[in-house]
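# A predicted structure for the sequence below; I have some questions about it.
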Amino acid sequence: MATGLPLQSGRFLIEMEKLAVANFQECSGLAIEVEVLEVIEGGHNEFIHKLPGRIKYPNIVLKRGVTESRQFADWRPVATDKQIMMTRQNLSIILFDHSGAQIRRWEVTGAYPVKWTGPDMKATSMEVAIETLELAHQGWREEWPGGGVGPGAPGVN
């Protein structure tokens, strides 16, 4: 039953190739931006035409406590003598409600790591060691419970 109430953002999970892989503390970068092309028309000095251009997707940034899992370390790009080898993965970001029911799902296409940042370590601190993984991707689409797809991915209106 749709209530229209805002959802809490604290219960989410990342899946890669349909397998649950990690709980993260933070996820940011689920955004879409349309470039605006400005066209100046001669003789019309009171306005500039603003036309839609390309769609841009910022990188997705994931933060989590350091674990013993090698999954993301093994996914990082590898440099050879002649090129950088990397594997693109499709992944899902899934948001749950307080009862554990899936509320929203973002299907991310062709993601690959572009930056990994290790934890800041201090001998005087007992804070959780946090690692950050930044992913470039080819876009995403939003899925709603009970079917339906929202805008966000190339080819989806």
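Sure thing, it's come through. Bear in mind that the values here come from a model prediction, so they are computed numbers and not experimental data.
# dihedrals phi and psi, the spatially most central residue of the chain?
Centroid-nearest residue in the chain: residue 60, 3.4 Å away (criterion: Cα atoms, centre = their mean). The phi and psi values for residue 60, taken as degrees, to the nearest 10, are phi -90, psi 130.
# flag the shaky bits of this structure, pLDDT-wise.
1-9, 146-157 (pLDDT under 70).
# strands along that one, start to end?
Taking DSSP state E as the test, the strands found in the chain are 12-16, 19-22, 26-28, 33-39, 49-56, 60-65, 78-79, 84-85, 89-96, 102-117, 130-136, 140-143, 149-150.
# those strands into TSV, with extra columns for distance to residue 123?
All C-beta atoms are positioned from the backbone trio N, CA, C, and that covers glycine. Rendered in TSV, the data for the strands of the chain read as follows (distance: least, Cβ to Cβ, whole Å):
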stretch	distance to residue 123
strand 12-16	31
strand 19-22	28
strand 26-28	25
strand 33-39	42
strand 49-56	42
strand 60-65	18
strand 78-79	32
strand 84-85	35
strand 89-96	35
strand 102-117	20
strand 130-136	17
strand 140-143	40
strand 149-150	47
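# tell me which of these sits nearest to residue 72.
The closest approach between residue 72 and any of these, judged by Cβ to Cβ, belongs to strand 130-136 at 5.6 Å.
# ok, that closest one: who's next to it in the sheet?
If you go by DSSP bridges, strand 130-136 pairs up with strand 60-65 (antiparallel), strand 102-117 (antiparallel).
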